[in-house]
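> give me coordinates for this.
(chains A and B)
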Amino acid sequence: MNAMPAEAAAGTSIVRIRDLVKDYRRGAETVRVLDGLSLDIQQGDFVALMGPSGSGKSTLLNLIGGLDRPTSGTLEVDGLRVDELSEGSLGRWRADHVGFIFQMYNLLPVLTAERNVELPLLLTNLDRQQRMRRVAAALKLVGLEQRAKHRPRELSGGQEQRVGIARAIVTDPTLLLCDEPTGDLDRKSGDEILTLLEALNAEYGKTIIMVTHDPHAAERAHRVIHLDKGMLSEGPG
Amino acid sequence: MIGKYLPLLASSLRRKRLRTFFTIASILIAFLLYGLAASMQFALKSGVDVAGADRLLTMHKVSFTQLLPASYESRIKAVDGVVAVSPQTWFGAWFRDERNQFPTFPSDPEAYLRIYPEIKLAEEQKQAWFADRAGALVGRAIADLYGWKVGDQVPLRSAIWRRMDGSDTWDVTVRAIYDLPNGGDTRQIVLHQDYFEEAKQQAKGLIGWYVIKISDVNRAQAISRQIDVMFANSPAETKTSSERAMAQSFVNQVGNIGAILSAIVAAVFFTMLLVTANTMAQSVRERTNELAVLKTLGFSNGGVLGMVLAESVLVTTLGGLLGMFCAWWIGVQFGPTLDQYLPGFRVPRDAFTKSVLYMLALGVVAGAVPAWQAMRLRIVEALRRD
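Numbering: from 1, shown residues only, chains lettered A, B, ... in the order given. Down below sits the predicted model:
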């Protein structure tokens, strides 16, 4: 079992993980990706998860985001046992509390930027006018209000990722989970995205967990956690 | 509620426009065929619906084309239960263009109107027609087609019958124009049997068949038998049956075409089912990542299932409605031309209702498997596949 970093144990934990194990079956073989991991992440923190390929960082992110289920252990987000939620409840919970930002942006190519950003709001009871107001605010926040009617193929990679961020924050989630958000961008665009994430963390108090390979990106986080072979080690923030 | 998802559904159809176009076009053709087959069956059946059960037809036992002696009329009239008898003969009339023949029958005017009480015409026109041996009772559709009015003299040509002077032109005067209730087929002309008999060159004393009105529908079979027995072993034996039975037997013969058409339509529908299912499966496969993203954003399994099904139903409904519209348009556009052969050719209302059910069913069945697959999609695996 990994030791829990001392400073993480103090304060209000928004993410509280205890003895988390995740196994995958690969043919007849069972592969342990996370091995009894315990971790606390404070409200308003900006955490970078680093580690070599196959270290389990994306798996951990997926588990925190309720996209996958642990083999054993407990996982609490904002006081809620996410590992115990049913499939349906998990979906609703994700819609309300988590914003996802992907490396490949994962925008729907047939929809305009504003329609992409609107997607999570379709699951709410907001009327069209209210939805569009929120979409406009989210796009303005990422500096793309002028590109609302553009489709993803008409945008640069950096702009696409900004739309992805706008989509992630439009429901005002508690937690932003970013899987290599700058992994497909050039340095300049990557920096812009990281600056945006910093602003979301600093000005809007969003708790951000970011998986990255890039030490330069990890430097922008308050805290860097290293994962290796499914185990944790804390690094300098 | 569902309206907010429409842009998402519509955008899915725009993804591969050509594929969507061809799929919708295929479904359009399937429903067009269905609409046309339904129109044809409706046209065939409508003949039976208007045929009276209290009307008998007596014709030559050998064939419809063989003539019967005119002298049978008085003997048939004498049969108990017979209310009225009128001879009829196929005149083969045409006007201006020989290809445009329309049903024309020399008959006994007064008996004819007693036998067909559903025919509506003004009293003064009726009397005028009775009084004029060269007068004609013209159906509204024919009168409208050629712009004929009461009092017009019309040179009808006959493809079969010649006058005593060798001419095939029969000058008749439009004395009455009739209508039928519920938009019945009025492409018909009735002439005076006396005038026809007197003026024709050949087959004197012979007529085509007899139309008989009886007092009791329940005695139709007995009266038919009595008439046929009466002329048994004569040079012109008869075969009598009710007009409805006759129409039904005609429909049964032609009905095989309807059955074949139905089978073809069913095969086309089945093919469409496979085509649409394949399209949907392909579309879902291509969008595995997007569906996973939607699920990541919080769309439920049921929501994703509903969305794929709705997309499939949207495709089949769009194609189906267009197909039914085309079938309806063809009925409106070409119905009048086809009236000569298939009176009442149009898409019946119940076919529209059924078609909507077929569209929905086709959409749901075709989308079921892809929708199920989309619902079962595991987010992490789907995102990793990308």
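> quick one: low-confidence ranges for the stretch 251-386 of chain B?
Regions of the stretch 251-386 of chain B meeting the criterion pLDDT under 70 cover residues B:251-258, B:339-343, B:385-386.
> where do the strands sit along chain A?
Secondary structure of chain A (DSSP state E): strands at A:13-26, A:29-42, A:46-50, A:72-77, A:80-81, A:98-101, A:175-179, A:207-211, A:223-228, A:231-235.
> right, and those strands - which one's nearest B:D228?
Of all the strands of chain A, strand A:13-26 sits nearest to B:D228, with 84.9 Å by Cβ to Cβ. Using the backbone N, CA and C atoms, a C-beta is placed for each residue, glycine as well.
> the closest one vs strand A:29-42, what angle?
170 degrees (axes from the mean of the first three to the mean of the last three Cα atoms, to 10 degrees).
> looking at chain B, what residue ends up closest to chain A?
Here chain B gets closest to chain A at one residue, B:G298, 2.5 Å apart by Cβ to the nearest Cβ.
> in three-state terms, label the residue nearest the centre of chain B for me.
Per Cα atoms, centre = their mean, the C-alpha nearest to the average position across chain B is that of B:A43, at 1.3 Å. Classification of B:A43 by DSSP: H, G, I helix; E, B strand; the rest coil places it in helix.
> still on that earlier bit, can you redo the strands of chain A as a markdown table with mean neighbour count, distance to chain B and mean pLDDT?
Formatted as a markdown table, the strands of chain A follow (neighbours: other Cβ atoms under 10 Å in any protein chain shown; distance: least, Cβ to the nearest Cβ, whole Å; pLDDT from 0 to 100):
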| stretch | mean neighbour count | distance to chain B | mean pLDDT |
| --- | --- | --- | --- |
| strand A:13-26 | 18 | 10 | 91 |
| strand A:29-42 | 18 | 11 | 91 |
| strand A:46-50 | 24 | 16 | 94 |
| strand A:72-77 | 18 | 14 | 94 |
| strand A:80-81 | 12 | 15 | 93 |
| strand A:98-101 | 25 | 5 | 94 |
| strand A:175-179 | 25 | 9 | 94 |
| strand A:207-211 | 25 | 13 | 95 |
| strand A:223-228 | 20 | 17 | 91 |
| strand A:231-235 | 18 | 21 | 71 |
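> element containing the residue nearest to B:L377 when sequence neighbours are not counted?
Among residues not flanking B:L377 along the chain, B:L291 sits closest, at 5.6 Å (Cβ to Cβ, 6 or more residues apart in numbering or on different chains). For B:L291, the element it lies in under DSSP states H and E is helix B:288-297.
> quick one, what contacts A:L176?
A:V98, A:G99, A:I101, A:A168, A:I169, A:L197, A:L200, A:K206, A:T207, A:I208, A:I209 (Cβ atoms under 8 Å, 6 or more residues apart in numbering or on different chains).
> go on, B:L291?
B:L291 neighbours (Cβ under 8 Å, 6+ apart): B:V284, B:V304, B:A374, B:L377, B:A382.
> same thing but at 6 Å, please
B:V304, B:A374, B:L377 (Cβ atoms under 6 Å, 6 or more residues apart in numbering or on different chains).
> and the first one, how many neighbours?
Read that as B:V304. Neighbourhood size, B:V304 [other Cβ atoms under 10 Å in any protein chain shown]: 22.
> which strand or helix spans it?
helix B:301-338.
> can you name every helix or strand that that helix contacts?
If contacts are counted by 3 or more Cβ pairs under 6 Å, 6 or more residues apart in numbering or on different chains; DSSP states H and E, helix B:301-338 sits against helix B:6-15, helix B:17-50, helix B:349-376.
> can you redo the ones you listed as JSON lines with distance to B:G139?
Formatted as JSON lines, the helices and strands packed on helix B:301-338 follow (distance: least, Cβ to Cβ, whole Å):
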{"stretch": "helix B:6-15", "distance to B:G139": "48"}
{"stretch": "helix B:17-50", "distance to B:G139": "13"}
{"stretch": "helix B:349-376", "distance to B:G139": "25"}
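> I'd like those helices as TSV, with distance to chain A appended.
Converted to TSV, the helices and strands packed on helix B:301-338 look like this (distance: least, Cβ to the nearest Cβ, whole Å):
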stretch	distance to chain A
helix B:6-15	4
helix B:17-50	10
helix B:349-376	11
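> center of chain A - which residue?
Residue closest to the mean C-alpha point of chain A, counted by Cα atoms, centre = their mean, is A:L177 at 0.6 Å.
> wait, that residue touches A:I209, no?
Yes: checked against Cβ atoms under 6 Å, the pair A:L177 and A:I209 is within contact range at 5.4 Å.
> just want the angle from the helix ranked longest in chain B to helix B:349-376.
Secondary structure of chain B per DSSP state H: the longest helix is helix B:243-286. Orientation check (the same axes, to 10 degrees): helix B:243-286 against helix B:349-376 gives 20 degrees.
> tell me the angle of helix B:243-286 relative to helix B:17-50?
170 degrees.
> is chain A contacted by helix B:243-286?
No: if you take Cβ under 6 Å from any Cβ of the partner chain as the test, helix B:243-286 misses chain A, and the best it gets is 10.7 Å.
> from the contact counts, what lies against that helix?
Helix B:243-286 packs on helix B:17-50, strand B:55-60, helix B:349-376, going by 3+ Cβ pairs under 6 Å, 6+ apart.
> out of these, which one sits most buried?
The highest mean neighbour count among the helices and strands packed on helix B:243-286, using mean count of other Cβ atoms under 10 Å in any protein chain shown, belongs to strand B:55-60: a mean of 22.
> ok, the residue of chain A found nearest chain B - contacts?
Residue of chain A nearest chain B, by Cβ to the nearest Cβ: A:A95 (2.5 Å). By Cβ under 6 Å, 6+ apart, the contact set of A:A95 is A:L123, B:G298.
> one more: B:V284?
So B:V284 contacts B:P370, B:A374 (Cβ under 6 Å, 6+ apart).
> equivalent analysis for A:G65, please.
Neighbouring residues of A:G65 by Cβ under 6 Å, 6+ apart: A:V98, A:L177.
> just read off the phi/psi values of it.
When quoted as degrees, to the nearest 10, the phi and psi of A:G65 stand at phi -80, psi 0.
> cool, A:G183 as well?
Per degrees, to the nearest 10, the backbone of A:G183 is at phi -60, psi -20.
> count the neighbours of the nearest residue to it once chain neighbours are set aside for me.
Spatial nearest neighbour of A:G183, excluding adjacent residues (Cβ to Cβ, 6+ apart): A:Q103 at 4.2 Å. As a burial measure, A:Q103 scores 19 neighbours (other Cβ under 10 Å).
> okay, A:Q103: pLDDT?
For A:Q103, the pLDDT comes out at 89.
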